[in-house]
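In: give me coordinates for this.
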Amino acid sequence: MTQAENHNSTWVKAIRAAAQHGRLSHAVILTGEGDKVQAARYIAAAHLCRAESGRPCLQCNACRKVLDRIHPDVTEVQDSERKELPVETIRALRQDAYIRPNEGRRKVYLFTDCAQLNERDQNVLLKIVEEGPPYAAFVFCADAVHSLLPTIRSRCVELRMDAPQESAQEDEAAAELCRVIARRDALALTAHLTALENRRFKREQLLSMVEGAWQITADALLSRCGKPGTCGEAADMLGRAFDRRQLQKLTDLFRRYCGECQYNVGVGHVLGALGAELAQTLAL
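Out: Numbering: from 1, shown residues only. All right, here's what the predicted structure looks like:
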């Protein structure tokens, strides 16, 4: 799973941050480039991983079973002999979802090719995705998100698998945000966040930037405490601009917003709230 093992990938960061905070969505749509089926298994592993932190660890027994396709609580929903999934398959899945998991915290259903889901199938699925038991989780692999009905999409978090250059862009976005913060100029910060909103940032891009900023501020705090950091120039700038107490506030703020980015709130609203709290920190 080459791309899933790249922890700098935007969608991987989103999954790991959500799992870390216990906010991994029960319904995810995977689109974009790369091996979406392997990525879906990665998400299933995040749901079922038994590690205390850093989920999915890809090393514990649960993760290994998911990746080896033998975990009893993971079902890959597909039919290689038909163009579309029979409605009986979807109805049987709907009944199965109410049977409690065998080993893990959740039962995860992976729809590895959403082109097989016709409108009737999706309407049958809708209620279980919307009001199913709390342990039921769903991952939809779609070449185009619009292959799924709006009613299904509205109940899911969409993650777009990014190309490597896009990951580098999001890493730079986090570093640039931290450099602006280090200037301690509230007007410059507001202008920077407004520019991000005007670029029509997607939620997964915002999460990647916020998580990257969290890592950089945490690294700056470690450096302030006498432990060498690894995040480079942006962390060094923050370390010179803020004392330990302020860096702790920034680290806590970005950590909290990693969780806020998981909710179905508009990117503009999140950026506005983040900007207001950052401005308060800059005034300290």
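
In: any regions of the stretch 101-250 of the chain where pLDDT drops low?
Out: Residue ranges of the stretch 101-250 of the chain with pLDDT under 70: 162-170, 227-231.

In: farthest residue from the center of this structure?
Out: Here the centre of the chain is the reference, and by Cα atoms, centre = their mean the most remote residue is residue 81, at 32.9 Å.

In: on the three-state scheme, it is what?
Out: State at residue 81, reduced to three classes by DSSP: H, G, I helix; E, B strand; the rest coil: coil.

In: and residue 59, by the same measure?
Out: coil.

In: now for it: which residues touch it?
Out: Neighbouring residues of residue 59 by Cβ atoms under 8 Å, 6 or more residues apart in numbering: residue 51. In short, each C-beta sits where N, CA and C put it, glycine included.

In: what's the following helix or strand after the biggest helix by length in the chain?
Out: The longest helix of the chain (DSSP state H) is helix 203-224. Going down the chain from helix 203-224, the next helix or strand is helix 233-241, by DSSP states H and E.

In: export that next one to CSV, keeping only CA atoms.
Out: The C-alpha coordinates for helix 233-241 follow below in CSV (Å, rounded to 0.1, in the frame of the first residue of the first chain):
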residue,chain,number,x,y,z
GLU,A,233,12.6,27.0,9.3
ALA,A,234,9.0,27.5,10.3
ALA,A,235,9.5,25.9,13.7
ASP,A,236,12.6,27.9,14.3
MET,A,237,10.7,31.2,13.5
LEU,A,238,7.9,30.2,15.9
GLY,A,239,10.5,29.3,18.6
ARG,A,240,12.0,32.8,18.3
ALA,A,241,8.7,34.6,18.2
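
In: which parts of that helix are buried?
Out: Going by neighbour count (16 or more other Cβ atoms under 10 Å), the buried part of helix 233-241 is 234, 235, 236, 237, 238, 239, 241.

In: and residue 109, what element?
Out: strand 107-111.

In: show me what the helix or strand that comes right after that strand is packed against.
Out: Once the chain leaves strand 107-111, the next helix or strand it forms, by DSSP H and E, is helix 119-131. On a contact count with 3 or more Cβ pairs under 8 Å, 6 or more residues apart in numbering; DSSP states H and E, helix 119-131 meets helix 87-96, strand 136-141, helix 150-153.

In: other SSEs contacting the next helix or strand after the shortest one?
Out: Stepping forward along the backbone from helix 150-153, the first helix or strand reached (DSSP H and E) is strand 157-161. With contacts defined as 3+ Cβ pairs under 8 Å, 6+ apart, the packing partners of strand 157-161 are helix 10-20, strand 27-32, helix 203-224.

In: make TSV out of these and add distance to residue 138.
Out: Output for the helices and strands packed on strand 157-161, formatted as TSV (distance: least, Cβ to Cβ, whole Å):
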stretch	distance to residue 138
helix 10-20	15
strand 27-32	5
helix 203-224	18
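
In: let me know which of the ones you listed is the nearest to residue 122.
Out: strand 27-32 (12.0 Å; Cβ to Cβ).

In: tell me which strands that closest one pairs with, and in which orientation.
Out: Counting by DSSP bridges, the strands paired with strand 27-32 are strand 136-141 (parallel), strand 157-161 (parallel).

In: only alpha carbons, please: show the longest one as PDB.
Out: This means strand 136-141. What follows is strand 136-141, C-alpha atoms only, in PDB (Å, rounded to 0.1, in the frame of the first residue of the first chain):
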ATOM      1  CA  ALA A 136     -21.400   0.100  11.400                       C
ATOM      2  CA  ALA A 137     -19.000   1.900   9.100                       C
ATOM      3  CA  PHE A 138     -18.900   2.300   5.300                       C
ATOM      4  CA  VAL A 139     -16.200   3.200   2.800                       C
ATOM      5  CA  PHE A 140     -17.300   4.000  -0.800                       C
ATOM      6  CA  CYS A 141     -14.600   3.900  -3.600                       C
END
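
In: quick check: residue 75 touching residue 112?
Out: No. Contact criterion Cβ atoms under 8 Å: residue 75 and residue 112 do not qualify, at 10.5 Å.

In: against residue 67, how distant is residue 226?
Out: Residue 226 sits at a distance of 39 Å from residue 67 (criterion: Cβ to Cβ, to the nearest Å).

In: actually residue 161, not the one I wrote
Out: To residue 67, residue 161 is 17 Å away according to Cβ to Cβ.
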